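Asks: turn this into a structure:
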Amino acid sequence: MLKPLVLLLEERHIEAIVRHSNSVLPIEACGVLMGTVETQIRIVKTVEAVDNLARSSCSYRIPSEELYHALTDGEERGESLVGFYHSHPSWGAEPSKLDLELASFPEVSYLIYSVRDRK
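Replies: Modelled structure (predicted):
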């Protein structure tokens, strides 16, 4: 079993996620978290906002081309994939059944921002 890792974000990263989430209402925002891993800490260096192909208020789908660009750009900066984020426009930050089913990368973090609860 993998040990849980801490996800470390700076205030500017949180602000970027909040801004993105508010700008695409009423659909879910989604994005890629790039950074480094040190011991048991995933350190976010870059937040990459991407389009939600699902265009849904209750699910998200990251375009493969945008994911590829985020990964290759991050690699050029010496960063790797540390996580994904998405928003919940109208409910809490707890993962839905669908969120849990789609969380297919066990080695990264999944951050959910609740627009309604502002957390």
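
Asks: contacting residues for the most centrally placed residue in the chain?
Replies: When Cα atoms, centre = their mean is applied to the chain, the residue found nearest the centroid is Tyr85 (1.6 Å). Residues in contact with Tyr85 (Cβ atoms under 8 Å, 6 or more residues apart in numbering) are Ile17, Ala29, Cys30, Gly31, Val32, Leu33, Val47, Tyr110, Leu111, Ile112, Tyr113. Every C-beta, even on glycine, is put in place using the N, C-alpha and C of the backbone.

Asks: go again with 7 Å.
Replies: By Cβ atoms under 7 Å, 6 or more residues apart in numbering, Tyr85 lies in contact with Ile17, Cys30, Gly31, Leu33, Leu111, Tyr113.

Asks: what strand or helix carries it?
Replies: Following DSSP states H and E, one finds Tyr85 within strand 80-88.

Asks: wasn't Thr36 part of a strand?
Replies: Yes - read with DSSP: H, G, I helix; E, B strand; the rest coil, Thr36 is one of the residues of a strand.

Asks: what is the helix or strand encompassing Arg19 packed up against?
Replies: For Arg19, the enclosing helix or strand under DSSP H and E is helix 11-23. Under the contact definition 3 or more Cβ pairs under 7 Å, 6 or more residues apart in numbering; DSSP states H and E, helix 11-23 sits against strand 41-50, strand 109-114.

Asks: can you give me the buried ones in the shortest one?
Replies: Buried residues in strand 109-114, counted by 16 or more other Cβ atoms under 10 Å: Ser109, Tyr110, Leu111, Ile112, Tyr113, Ser114.
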